[in-house]
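J.: my questions are about this predicted structure, shown below with the sequence.
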Protein chains: 2
Amino acid sequence: MRTTVKDIARHAGVSPATVSLVLRKSPLVADVTRARIESSIDTLGYVYHRAAANLRTRLTHTVGMIVCEITNPFYAELTAGIDEALDKAGWIAFLANTDESPSRQDRFVTRLREQRVDGVIIAPAEGTRAEAFTRWRSQGLPVVQVLRRVGRRPGDHVSADFKLGMTLAVEHLLRLGHRRIAFVGGARSVSTARDRTDSFRAILSRFGAPVGPIVACLPTREDGVRAVRQLFAGRPDDPTAVICHNDLCAIGVMLGLADRGLAPGREVAVIGFDNIPEGALHRPALTTVAIGAREIGREAAELLLRRITSPEGEPETIILPPKLVVRASCGAQLRR
Amino acid sequence: MRTTVKDIARHAGVSPATVSLVLRKSPLVADVTRARIESSIDTLGYVYHRAAANLRTRLTHTVGMIVCEITNPFYAELTAGIDEALDKAGWIAFLANTDESPSRQDRFVTRLREQRVDGVIIAPAEGTRAEAFTRWRSQGLPVVQVLRRVGRRPGDHVSADFKLGMTLAVEHLLRLGHRRIAFVGGARSVSTARDRTDSFRAILSRFGAPVGPIVACLPTREDGVRAVRQLFAGRPDDPTAVICHNDLCAIGVMLGLADRGLAPGREVAVIGFDNIPEGALHRPALTTVAIGAREIGREAAELLLRRITSPEGEPETIILPPKLVVRASCGAQLRR
DNA sequence: GAAATGATTTAGATCGATACAAAACGAAGA
DNA sequence: TCTTCGTTTTGTATCGATCTAAATCATTTC
């Protein structure tokens, strides 16, 4: 039998209502009474039963965190950022890893709503339909999208400026003299992939440079290795530089190049996106467009908490600027 | 105003009690009635309020998952395994990332107990005191430790047989003819580190081989690089093989060796622990003692669910056998 | 046709806290 | 001494489901 507010009340010789006031740190209670009750709480080893309280207050102080792929270091970092910000505010998050399955994602959202989470942060699984978001919103569930964006309707969203990131990467390569620049990672049906592909094309054309080949690639090291085989034929018009959807493929591409006897960073420039720790220590060290995953996580958590306290506020879109981190894989040091 | 059991009861022309029976899939309800109620549930768009139900049933169908370092790919994989098994059983987990801080860990446990989780899976932060576990257990909170083990008291625990793993690694190197084998990753005050260091010593002595130097190293790539500087002096009695606490340091060691002009896999053999994806694609590919992180996660989740249903059962210790995955970094292919 | 049986359904208390309105108290002022 | 007023405390209904024991109801049996 667990100790409850009633037990404490009896022990301290007051009413349950007063105990409740103390628990909620209300200023109404006299100091002597408060002290007495607090000592009762200690001696009885009471544990606050938030779920019971929630029944009346309608706030559970919990949120859901739905991630498409927790084993990707980038998303691991994102969840760490979310967790950090929530912890600071005294909240806590359910984690659900969808592994890119929209049906798992649906199931999780249902489960989270049953638990009455106050809101959800979601990096949508590939194939999520915009309809899902309008449904959740119509059910009064605050939802913040991170990174990927589904649908056109305004909604809370935290991401990075991938267009700017791509501009930085392309400009950098053009400045280094590259004219045959390829993009690896095109075809996926998520906004973050489309953003990058589109702006890759747009920026190259804007600079009057030829738009190099675009090769589909999953965001994995393995598929990066594979993409190299598709991209390099050993002909004189092979690309001299490759921009990759993310660091995982970039690392794959570097491995694939090395397998083919092409030295990344010397014979072919490689640039990734994300700036995962692994890239900094790879040889050659990976030049990359740094997307602050932890920071995006923090911002998303803070935005969600704002939205929960004011559900009727204007939707916010927070786009953080990326930074180009120049290391060895783009050959910049070399040409100096 | 949310729809409740009462609303459904009114709509279907029955009592709330009957609706509750339908929600719990009780066989007591007549088929016609059940159908009618289910259609009411659909038309009213009812969402089950699990938290309210929990108040009576004492089971929340939630667990806590406390991880010491979510950004380590190994632990990311572990959480994916836990999440997978819980999902299958219809449960869901809170995630808390302690970043190796025992005080954060304490705070999280308190918060989880307030949420009345039915149990906790924990990879304890470095510096966790055994007293914490006895406290939690005395409070009736089922706790399963994963990997690291704190204290000597019997308790539920899922891990891998690191001693066996170390044996496999050492035997392999001895068979390849190595006599000067070093261990990188000694000093941390967690059981998984002690296990490895101790059995490193024990096994080498058992085989009558000299026990090479043991160098402290954090489980990061960076510190692996640093350890190399400490270990290799360019003298003839430098080690010819290095076994590392985990794959992250092993990769660091390989990078450090390359920086020094020593080819890992040819001039120095390197073996890690964990088998994270990154290692398979590193060049040279990393030979490693594979610890099935996802599987350990699944086992831990299943064990916790068992413990929750029978709190008085005997504590279980599940130790999964590791496997040596031979790739290029140990030079095995070379010597054939 | 009454009694017994089994299948369904339900009233009402309950889980553990909070919200609200009202009560008790003590000090100050008339 | 009696009001009045501000401070503190409390009784009771409530959140949304479940549990228990008891009430209906439809059959079957004698």
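T.: Cool, got the structure. Residues are numbered from 1 along each chain as shown, chains lettered A, B, ... in the order given.
J.: the residue in chain A that chain B sits nearest to: neighbouring residues, count only.
T.: Using CB to the nearest CB, the closest approach of chain A to chain B is made by A:Leu95 at 3.5 Å. C-beta coordinates here come from the backbone N, C-alpha and C atoms, glycine included. Neighbour count for A:Leu95, taken as other CB atoms under 10 Å in any protein chain shown: 27.
J.: ok, residues contacting stretch A:169-180?
T.: With contacts defined as CB atoms under 8 Å, 6 or more residues apart in numbering or on different chains, stretch A:169-180 is touched by A:181, A:200, A:203-204, A:207, A:209-210, A:212, A:237-241, A:243, A:269, A:271, A:273, A:287, A:289, A:324, A:326, A:330-332, A:335.
J.: list the contacts of the most far-flung residue of chain A relative to its centre.
T.: What lies farthest from the middle of chain A is A:Gly13; by CA atoms, centre = their mean that is 50.3 Å. Neighbouring residues of A:Gly13 by CB under 8 Å, 6+ apart: A:Arg36.
J.: quick one on the thing from earlier: of the contacts of stretch A:169-180, just the buried ones, ChimeraX syntax please.
T.: In ChimeraX, this line selects whichever of these come out buried by 16 or more other CB atoms under 10 Å in any protein chain shown:
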select /A:181,200,203,204,209,212,238,239,240,241,243,269,271,273,287,289,324,330,331,332
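J.: how about whichever helix or strand A:Ala76 is part of and chain B, any contact?
T.: Following DSSP states H and E, one finds A:Ala76 within helix A:73-89. Yes - contact of helix A:73-89 with chain B (CB under 8 Å from any CB of the partner chain) involves A:Pro73, A:Ala76, A:Glu77, A:Thr79, A:Ala80, A:Asp83, A:Glu84, A:Asp87.
J.: might one say that the third one is in contact with A:Ala290?
T.: No - under the criterion of CB atoms under 8 Å, A:Glu77 makes no contact with A:Ala290, lying 11.5 Å away.
J.: shaky segments in chain A?
T.: Within chain A, the ranges that satisfy pLDDT under 70 run A:334-336.
J.: and the residue nearest the centre of it, what does it touch?
T.: Centrality entry for chain A: nearest residue to the mean C-alpha point is A:Leu78, 4.4 Å, by CA atoms, centre = their mean. A:Leu78 is in contact with A:Val67, A:Ala123, A:Val146, A:Leu147, A:Ala293, A:Arg294, A:Ile296, A:Gly297, counting by CB under 8 Å, 6+ apart.
J.: list the buried residues of stretch A:231-238.
T.: Within stretch A:231-238, the residues scored as buried using 16+ other CB under 10 Å are A:Leu231, A:Phe232, A:Asp238.
J.: pull the residues that contact that stretch.
T.: Contacts of stretch A:231-238 with the rest of the structure, by CB under 8 Å, 6+ apart, involve A:Arg180, A:Ala182, A:Val184, A:Pro213, A:Val215, A:Pro239, A:Val242, A:Leu257, A:Arg260, A:Leu262.
J.: and whichever residue of the stretch 101-250 of chain A sits closest to DNA strand C, what are its phi and psi?
T.: Among all residues of the stretch 101-250 of chain A, A:Arg116 sits closest to DNA strand C, at 12.9 Å; criterion: CB to the nearest atom of the strand. Per-residue torsions, A:Arg116: phi 60, psi 50 (degrees, to the nearest 10).
J.: give the contact list for it.
T.: A:Asn54, A:Thr60, A:Thr62, B:His49, B:Arg50, B:Ala51.
J.: which two in those are spaced the farthest apart?
T.: A:Thr62 and B:His49 (13.9 Å; CB to CB).
J.: more neighbours, those two?
T.: Remark: of A:Thr62 and B:His49, A:Thr62 carries more neighbours, 24 against 19, as counted by other CB under 10 Å.
J.: how many residues are close by the closest residue to that one other than its chain neighbours?
T.: Spatial nearest neighbour of A:Thr62, chain neighbours left out: A:Val117 (5.0 Å); criterion: CB to CB, 6 or more residues apart in numbering or on different chains. Neighbours of A:Val117 under the rule other CB under 10 Å: 24.
J.: quick one, phi/psi of A:Val117?
T.: Here is the backbone geometry of A:Val117 (degrees, to the nearest 10): phi -60, psi 150.
J.: in terms of contact, does it touch A:Phe94 like I think?
T.: Yes - the pair A:Val117 and A:Phe94 qualifies as a contact (CB under 8 Å) at a distance of 6.5 Å.
J.: so what sits against both of those two?
T.: Common contacts of A:Val117 and A:Phe94 (CB under 8 Å, 6+ apart): A:Thr62, A:Val63, A:Gly64.
J.: hey, C-alpha coordinates of the helix holding A:Ala76 in CSV?
T.: Only the C-alpha atoms of helix A:73-89 are listed here, as CSV (Å, rounded to 0.1, in the frame of the first residue of the first chain):
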residue,chain,number,x,y,z
PRO,A,73,24.1,9.3,-34.9
PHE,A,74,22.5,12.5,-36.1
TYR,A,75,19.1,11.6,-34.6
ALA,A,76,20.7,10.2,-31.5
GLU,A,77,22.2,13.7,-31.0
LEU,A,78,18.8,15.2,-31.7
THR,A,79,17.1,13.2,-29.0
ALA,A,80,19.9,14.1,-26.6
GLY,A,81,19.1,17.8,-27.3
ILE,A,82,15.4,17.3,-26.8
ASP,A,83,15.9,15.4,-23.6
GLU,A,84,18.3,18.0,-22.3
ALA,A,85,15.8,20.9,-22.8
LEU,A,86,12.9,18.9,-21.4
ASP,A,87,14.9,17.9,-18.3
LYS,A,88,15.7,21.5,-17.6
ALA,A,89,12.0,22.4,-17.6
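J.: just want the angle from it to helix B:73-89.
T.: 80 degrees (axes from the mean of the first three to the mean of the last three CA atoms, to 10 degrees).
J.: ok now the helix or strand just after helix A:73-89, how far from the chain's centre?
T.: For helix A:73-89, the following helix or strand on the C-terminal side (DSSP H and E) is strand A:92-97. Centroid separation between strand A:92-97 and its chain, computed with CA atoms, centre = their mean, to the nearest Å, is 13 Å.
J.: which residues does the helix or strand just after strand A:92-97 contact?
T.: Past strand A:92-97, further along toward the C-terminus, the next helix or strand under DSSP H and E is helix A:102-114. With CB under 8 Å, 6+ apart as the test, helix A:102-114 has contacts from A:64, A:66, A:94, A:96, A:98, A:120, A:122, A:124-129, A:132, A:136, A:139, A:141, B:47-50, B:87, B:90, B:92.
J.: among the residues you listed, which are in helices?
T.: Applying DSSP state H to the contacts of helix A:102-114, the entries found in helices are A:Ala132, A:Trp136, B:Arg50, B:Asp87.
J.: among those, which ones are buried?
T.: Among the ones in helices among the contacts of helix A:102-114, the ones that count as buried by 16+ other CB under 10 Å are A:Ala132, A:Trp136, B:Arg50, B:Asp87.
J.: closest residue of the stretch 151-300 of chain A to DNA strand D?
T.: For the stretch 151-300 of chain A, CB to the nearest atom of the strand, closest residue to DNA strand D: A:Asp156, 25.1 Å.
J.: ok, that residue - contacts?
T.: A:Pro142, A:Val143, A:Val144, A:Gln145, A:Leu303, A:Leu304, A:Arg307, A:Pro315, A:Glu316, A:Thr317.
J.: quick one: name the residues of the stretch 101-250 of chain A near DNA strand D.
T.: Contact residues, the stretch 101-250 of chain A versus DNA strand D (CB under 7 Å from any atom of the strand): none.
J.: so which residues on the stretch 101-250 of chain A come close to chain B?
T.: Within reach of chain B by CB under 8 Å from any CB, the stretch 101-250 of chain A has these residues: A:104, A:107-108, A:110-116, A:139, A:221-222, A:225.
J.: out of the residues you listed, the closest to B:Ile251 would be?
T.: Set against B:Ile251, the nearest of these by CB to CB is A:Arg221 (13.0 Å).
J.: that closest one and B:Glu278 touch, don't they?
T.: Yes - the pair A:Arg221 / B:Glu278 is scored as a contact, 7.3 Å apart, by CB under 8 Å.
J.: of these two, who's got more company?
T.: Shown here are A:Arg221 and B:Glu278; by other CB under 10 Å, A:Arg221 has more neighbours (24 against 21).
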